[in-house]
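Asks: can't give you the sequence, but here's the structure:
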């Protein structure tokens, strides 16, 4: 209750009724307010809050802004730390925030705690996360915190993306973006670039390369014009991947070089590794220099810390190089180490990785294991059947048909 809250804060600050009442209130009236026998006007409430050194909201709520700030500080620290057990992290966050849930009614602290709480529920696969996310979004809208609100919109869209419902993911993002651009006075440059990046990802995911490329190139131009480096490495990687899918060698080389320059400028190891990975792909697929490709692969694989993120891609390229050199058993050793992790969701990534089974099929066929060859070749074709057409899919289909024809000829 309001009166009890005023009394609690007054006593914490060791103030008497007379001191708090000051010149604008009587001791008797203040006593009635503290005992909930009188309701103060907004002017009186503002006066009491000023005398106590708190905000009006602190008196109206059961929890003070200062207390929420302390909880939020703990929550942010826990939420942003890397933990070996992500599940434990989210469980701890739920335990920390849950006692305050009903008291999170206004202000930045409440909105951010609701957002963290909703994401923790989501990661724990607990129903109801969207209700809390909506509450946070509404508060961000009311405070006109556009970047924070946009971040929730992107999260809603990507929630469908990880379920591989790419069409619905794109629909949500476009709808949310339109809504924000219509209701928020100003969209800051970084938020715009973030929207562009995710929109391009999703256009590519649904097979709309024309729209994706338009958004992607617009974002890159906008970033250069406004000297924004946020997301520029992601945009370059996406541009390289698209060029690879469309056999656009000129753009692939152009954006690869840009990515390399960014990696050197920002001392960003991931950008550098991505550039090197595509140079290795070029050595194998275009220049047929398999020995040099293997030398570069071994150089990077010798440092597991460097290739932690891209290890599966280097292993795949090593298997491909050994196959092209005619070392089929060695190729299989590395191809069998290639796994599709749970964090892989984009069709571009699937297109690059599904080719593993095609190369397994080729190796088994060369080793005289026709049944295994046909099995892996068929598996690759089936995996690609759910994706938009790419050169990798064409190669998988051609390989399957060739192996099938050769096996049929041998039978005859």
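Replies: Sure, I can see it. Note that the coordinates shown come from a computational prediction; the quantities given were computed from them, not determined experimentally. Numbering: from 1, shown residues only.
Asks: where are the low-confidence patches of the chain?
Replies: Applying pLDDT under 70 to the chain flags the ranges 61-62, 83-87, 305-307, 411-412.
Asks: Recalculate using a threshold of 80.
Replies: 1, 57-58, 60-65, 82-87, 303-309, 410-412 (pLDDT under 80).
Asks: In space, what's closest to residue 104 - neighbours in sequence excluded?
Replies: Nearest residue to residue 104 in three dimensions, chain neighbours excluded: residue 110, at 3.7 Å (Cβ to Cβ, 6 or more residues apart in numbering). Yep, even glycine has a C-beta here, placed from its N, CA and C like the rest.
Asks: these two touch, right, that neighbour and residue 71?
Replies: No: counting by Cβ atoms under 8 Å, residue 110 does not reach residue 71; the two are 10.1 Å apart.
Asks: Give me the more crowded residue out of those two.
Replies: residue 110 (23 against 18; other Cβ atoms under 10 Å).
Asks: tell me which element the more buried one is part of?
Replies: Secondary structure assignment for residue 110, by DSSP states H and E: helix 108-123.
Asks: And residue 143, how far from residue 34?
Replies: 31 Å (Cβ to Cβ, to the nearest Å).
Asks: Looking only at neighbour counts, state which of these two leads.
Replies: Taking neighbours as other Cβ under 10 Å, residue 143 and residue 34 compare with residue 34 leading, 21 against 14.
Asks: OK, contacts around that one?
Replies: 3-4, 6-7, 10, 17 (Cβ atoms under 8 Å, 6 or more residues apart in numbering).
Asks: swap the cut-off to 6 Å and go again
Replies: Each residue near residue 34 by Cβ atoms under 6 Å, 6 or more residues apart in numbering is listed here: 3, 6-7.
Asks: Mind jotting down where the helices sit in the stretch 301-412 of the chain?
Replies: Remark: helices assigned in the stretch 301-412 of the chain by DSSP state H, counting those that start in this stretch are 311-324, 328-335, 347-366, 370-384, 391-411.
Asks: So which of those is nearest residue 168?
Replies: helix 347-366 (15.0 Å; Cβ to Cβ).
Asks: Just the buried positions in the closest one, please.
Replies: 347-365 (16 or more other Cβ atoms under 10 Å).
Asks: With distance to residue 157 added, can I get the contacts of residue 34 in JSON lines?
Replies: Output for the contacts of residue 34, formatted as JSON lines (distance: Cβ to Cβ, whole Å):
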{"residue": "3", "distance to residue 157": "46"}
{"residue": "6", "distance to residue 157": "45"}
{"residue": "7", "distance to residue 157": "48"}
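Asks: and the residues you listed, which of them are in strands?
Replies: Residues of the contacts of residue 34 located in strands (DSSP state E): none.
Asks: List just the nearest of those to residue 170.
Replies: The nearest member of the contacts of residue 34 to residue 170, counting by Cβ to Cβ, is residue 6 at 51.5 Å.
Asks: Relative to residue 43, how far out is the residue lying closest to that closest one once chain neighbours are set aside?
Replies: What sits nearest to residue 6 in space, not counting adjacent residues and going by Cβ to Cβ, 6+ apart, is residue 34, at 5.5 Å. With distances taken as Cβ to Cβ, residue 34 is found 18 Å from residue 43.
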